[in-house]
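[1] generate a structure from the sequence data that follows.
(4 chains)
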Amino acid sequence: MYVICKVDEKKCNGCKLCIWACPDPNVIVFDPDSKKISIHQARCKGCGLCVAACRQKALEIDAV
Amino acid sequence: MMTQQVTVDPDRLFFQSERRKLFVTGSEAVGEAIKRANVDVGIAYPITPQSESMHIVGDLYAEGYLKDYFRGENEFSVMSAVAGASMGGVRVFTATGGPGTLRSFEMFPTWAGARLPIVCAFLTRGVNSPLTIQPDTIEMAYMLDTGMIMFHAEDAQDLYDMILKAFVVAEQCDVHIPVGVFADGFFVTHTRDEVMVAPPEMKLPAYQPYSSPVPVMDMENVPFRQMRDPFVMKSNFISYAAHASWQQEVTAAAERARPYIQHYLGGLVEAENPGADILVIASGTAVSQSRAAIQTAAGLGFEAGLVKVKCLRPFPTEEMRALTGQCKAIVVPEFNRVGWLAREIRATIEDNGKVVGGPRVFGGMTMPTDMIVDAIRRCSA
Amino acid sequence: MQEKTFIRMSGLGGQGVVTAAHILGVAAVRSGLLSTVNPFFGAEKRLAPAESYVRISTHPIRERGEVLFPDIILILHPHVITLGKCYTMPFFEGLQPQGKIIINAPEPLPLGERDLAQLAGLAAQLYYIPATQVAMEVAGTNLSTNIAMLGALLGVVNLVKPGALEEALTERFGGAKFIASGTTAALDDVLKGKFAKVAQLIEKNVAVAEQAKSCVQQYAL
Amino acid sequence: MTRRMFKISAGFEEVMPPEYRELVEKGPFEKQLGVAELGTFKELLEEHPLCAGCGLALSLRLTLISLPSPEDTVIVGATGCSSLAFPQVAVHNIHSLFGNQNAVATGLKRALSLRFPDRAKDVVVIAGDGATCDIGLESVMHSWFRGEKLTTIMLDNEAYANTGGQESGMSQLGTVLNMAPMGKKFKKVAFPEVAKAAGCVYVAVAAPHQPRRLERSVRRAILIAREIGPTYVQLYTPCPTNYKFKPADTLSVIREQEKAGLFRPDEYLSPEAAAYIQQLEEAKG
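    Now for the predicted structure:
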């Protein structure tokens, strides 16, 4: 992809707001053990809705 | 509460059962067919005075011959609702004609493309403006290339037989496409005539939804992800190939119907005195007028043969070529302005200069048999 | 009995033109003959022109649609001729040589010289029957006019077996299932309302037909 | 449908596409999952070609996870943006034509009721505002008049988005769109009110900015349609492409419109529907 969504694991509190805001399926994966999210980069379209939804400012979109 | 009937093999219902004679209209003949067709759902739209056929189907529902029946809000919705029911795995029936056919037209290629074995009676009438309710077969010209199988009934007897047989042909696993049974509105629907019917205690076997070559939409088979990248609106070679091969497959399905039509209808055409120098080729009510005309012409010393076209899609190409090889002239009487049957025949046979397009009547009038006699006489000169 | 008889019935909407054709067709079939019956194709309305056609034959009947060349013409209402309330003009258009015309009128209508000459040229046989009066007198309702016309027809030409008309009336009104269009169904109910019982309806109509047979009179052309 | 139905036959695991294997191993069938569990299982919707930041895609994704019984649900769609996503959905779905979706659903629902009299087969119509309120109005309204036990969900992006952003009946007054070059001349159609008047026993208006509320609306609509009568859910799904705002702003656009009074979440239950929901909730404990 020509964009990449990055998550700052230190800031992520596992609230899932980003998962609920993403228009694409199975992009943001939640790990029940660590209570953190990770991003499936190949599926991300880089719209930035997750960034807008995150209250912890844990997410950012970068061009590759 | 459903009416109790015995399920019998189609061959027994059609060919071996003891038939009794009724004196009924074409619309009532539709009802007699549906009574024995084991239809699950009938969906109707009022387009009377086209015909009373779907009222009668409603009465059959009230008597317990169908499991469900309702009136839809317009023809497009009715054709859509029968599609939905058919996709859900039940046997359906509806009827329309003329303006109703055109209003719902978008659904017919959809039925064929979705491989739905829907049987629909088209009781044809004019579609022109100013408003007409009169008989005319012009809508069949538009229907020729929707992918549907097309039968054309000559009279009420044909209409009864063809509707019942249409279900059996449509539902063959290797066919599984819709069949339109066409009859000339009024000339067939409103005319009272003798019709031989099978015992009313008998009915066709039930539709087997899993005989469908495409998935039944009931969530009882695998709901796979159909495509990675949907080709519906894409422009690429995969998309072109998918659409092209599917169109070919629908056409091939109609081709595969030939042996079944041969078996159940006794052929795609029927010929009388085919060795004559002059052949009259017709379908629908025009066949009846031609029969009378040929008799009159014979009395005047002019000999002519008759080819009745029972099935228009698939078209009886080989039959037509074989039957017309020796004749000198072909008269094609039609109940429409454009002469679609003459066009089809011209496109099929090699020596097509001998096709006389006409006589034609349209706008509702009965074709005087003398017009056909005159055509025969002119060809004999 | 003739090999082939084609009949055209012209009247006004509501007179039972279509019903009369139906009954005659059934009577023919019950007499062992072949028959087809059809109405003029249109949305008939009360008092508008209405036409129906009956073909009766000993051989299979091929041609369909309106009868363009009738052997017999029934005119159920004088207005068909006097006011031109007819789909076929003049009312005898297409009549075959030696053809028959039966007109419902209490007395001969003032037909034009040309029409009379043409009818004479065809060697046509013209009959009058006060069918509406017969219906009123015998059945007490003008709704039986169509049956009086059938009676007159059978008085003029021996088309069906004795008793066949009664059988056909029983089939049509005797409570057996019959599909009529909406308006015709409503009229049927009105008709049934005029008679205490269906049996009486049939009996009265048979009497109307019998009476009509003896009231039909030929008019010398 | 039972899970047995789509299990992979022994020896074929390797050749099946990874998306299918994931669906078999971690899919939502017969698991009663919901919005809360998103991110932990394989979703019914697979990678789709809709635009970045698409409000419709987000709503569709949330709707699909809100289905109470995906294993016994058939979806009927219509032409529009959503028809690009439906081929990617792992439940049976029908795309017929443009505007006939509720007629197709009527026939389908009746067929499934005949064939499976003892099982709930949910038929859910999911279509855009053009398909529902404009071209398909007749089929939608008449399915409601007839009391068909269907759920109708409108993905309302206030425009014909798939065809290039033309005005629809659901566009706001004054909005400049294709085919409304001087601004739309009439008000947004009050479709929830129309639905109530036409006989819907449950009507909800929601948007993906409140996923739990959206989930509740969809779930209730389907459960009520099973037993009581027709139900309608209208989901506001802004379109960044045709309304020309940044894809990242889809959710904030919803909030702004709500603040401006142009979008109002709502829920209506007929007394019968309310009693039924109460009964279900009591049974659940």
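
[2] contact residues of chain B facing chain C?
    B:23, B:25, B:27-28, B:31, B:48-49, B:52, B:55-56, B:133-135, B:155, B:185-188, B:190-194, B:285, B:288-289, B:291-293, B:295, B:364-369 (C-beta under 8 Å from any C-beta of the partner chain). From N, CA and C alone the C-beta is placed, and that goes for glycine too.

[3] those residues in strands, which ones?
    Secondary structure from DSSP state E places B:Phe23, B:Thr25, B:Arg192, B:Asp193, B:Glu194 of the residues of chain B next to chain C in strands.

[4] what's the farthest-apart pair in these?
    Largest separation among those by C-beta to C-beta: B:Thr25 and B:Glu194, giving 11.4 Å.

[5] okay, strands next: where are they in the chain?
    You didn't say which chain, so I picked chain A. A:3-7, A:28-31, A:36-39, A:59-63.

[6] correction: the question concerned chain D.
    Using DSSP E, strands in chain D cover D:73-77, D:93-95, D:122-128, D:151-156, D:202-206, D:231-236, D:266-269.

[7] now chain C
    C:4-12, C:34-39, C:49-57, C:72-75, C:100-104, C:125-129, C:217-219.

[8] partner strands of the last one, with direction?
    What it means is strand C:217-219. Sheet pairing for strand C:217-219, assigned by DSSP bridges, gives strand C:125-129 (antiparallel).

[9] tell me the mean pLDDT for the partner strand?
    Per-region confidence: strand C:125-129 scores 97 on mean pLDDT.

[10] how far does stretch B:131-150 sit from the chain's center?
    10 Å (C-alpha atoms, centre = their mean, to the nearest Å).

[11] average pLDDT for it?
    Here the average pLDDT along stretch B:131-150 is 94.

[12] I'd like to know if that stretch reaches chain D anywhere along the stretch.
    No. Using C-beta under 8 Å from any C-beta, stretch B:131-150 stays clear of chain D, coming no nearer than 13.8 Å.

[13] next, the buried residues of that stretch.
    By 16 or more other C-beta atoms under 10 Å in any protein chain shown, the buried positions in stretch B:131-150 come out as B:132-141, B:143, B:146-150.

[14] next structured bit after the host helix or strand of B:Leu323?
    Counting by DSSP states H and E, the element that carries B:Leu323 is helix B:317-324. Sequence order places strand B:329-334 as the next helix or strand after helix B:317-324, per DSSP H and E.

[15] pull the contacting residues for the closest residue to chain B within chain C.
    Chain C approaches chain B most closely through C:Gly65 (2.6 Å), counting by C-beta to the nearest C-beta. Residues in contact with C:Gly65 (C-beta atoms under 8 Å, 6 or more residues apart in numbering or on different chains) are B:Pro135, B:Phe186, B:Phe187, B:Thr285, B:Gln289, B:Met365, B:Thr366, B:Met367, C:Asn38.

[16] if we use 7 Å, what do you get?
    B:Phe187, B:Thr366 (C-beta atoms under 7 Å, 6 or more residues apart in numbering or on different chains).

[17] ok, back up a step: among the buried residues of stretch B:131-150, which lie within helices?
    Among the buried residues of stretch B:131-150, the members found in helices (DSSP state H) are B:Glu139, B:Met140, B:Ala141, B:Met143.

[18] who's in contact with B:Glu154?
    B:Gly284, B:Thr285, B:Val287, B:Ser288, B:Lys308.

[19] pick the one among those closest to chain A.
    When the contacts of B:Glu154 are compared against chain A (criterion: C-beta to the nearest C-beta), the nearest one is B:Gly284, at 54.2 Å.

[20] isn't that closest one up against B:His152?
    Yes. With contact defined as C-beta atoms under 7 Å, B:Gly284 and B:His152 form a contacting pair (4.8 Å).

[21] list residues touching both of the two?
    In contact with both B:Gly284 and B:His152: B:Phe182, using C-beta under 7 Å, 6+ apart.

[22] what is the burial count for D:Ala190?
    Counted with other C-beta atoms under 10 Å in any protein chain shown, the neighbours of D:Ala190 add up to 10.
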